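Sequence first, predicted model second:
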Amino acid sequence: MADTDSNITANPYFTNIERAPYELGHLLRKLPEHFSAFSKQIPTAESRLIAAAATRHAGNANETLMRGLDTLGRIIFAAADNEALGETSSSDMRSLGSLLSHLAIEAQFLQETQSGLEFTLQELAKKSVAAA
């Protein structure tokens, strides 16, 4: 099943879009251990719906992280020239650097999760067509 806007909105597992990272983890735990493009077992329609919703949540969460990081970068760049803000402590800068690094790693995980699930769903769709 392709992930289109019409079928994702009908997907009962695609809920709480404002909580995409939480929903992604919740849905990944619901997938069976054998859910893979390389598994000999054919996943249920329910598993495919769960994977489609998880794929969309991963993409949404990643998009939110990337937009936020971009905005934060532009704000920091502008703030660097604002003398009214005064001196920034090295502790604050280390904390900000750690946050940005952590967010970039989360974004990488989301991209890999989305790609893996999309690949699996595409391969399963091909197998379904071939079996029909």
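Thanks, I have the structure now. Residues are numbered from 1 along each chain as shown.

Can you name the element that comes right after the lowest-mean-pLDDT helix or strand in the chain?
Counting by mean pLDDT, DSSP states H and E, the chain has its least confident helix or strand at helix 5-9, which shows a mean of 61. Following helix 5-9 in sequence order, the next helix or strand is helix 20-30 (DSSP states H and E).

Just the buried positions in whichever helix or strand comes after that following helix, please.
Once the chain leaves helix 20-30, the next helix or strand it forms, by DSSP H and E, is helix 45-79. Using 16 or more other C-beta atoms under 10 Å as the test for burial, helix 45-79 gives 47-62, 65. Using the backbone N, CA and C atoms, a C-beta is placed for each residue, glycine as well.

do the same with stretch 90-99
Within stretch 90-99, judged by 16+ other C-beta under 10 Å, no residue is buried.

where's the closest residue to residue 104 other than its chain neighbours relative to residue 42, distance?
Nearest residue to residue 104 in three dimensions, chain neighbours excluded: residue 69, at 7.2 Å (C-beta to C-beta, 6 or more residues apart in numbering). According to C-beta to C-beta, to the nearest Å, residue 69 and residue 42 sit 39 Å apart.

shaky segments in the protein?
Along the chain, segments meeting pLDDT under 70 span 1-9.

show me what contacts the residue nearest to the spatial centre of the chain?
Nearest residue to the geometric centre of the chain (C-alpha atoms, centre = their mean): residue 58, 1.7 Å. Contacts of residue 58 were listed using C-beta atoms under 8 Å, 6 or more residues apart in numbering, and they are 20, 24, 110-111, 113-114, 117.
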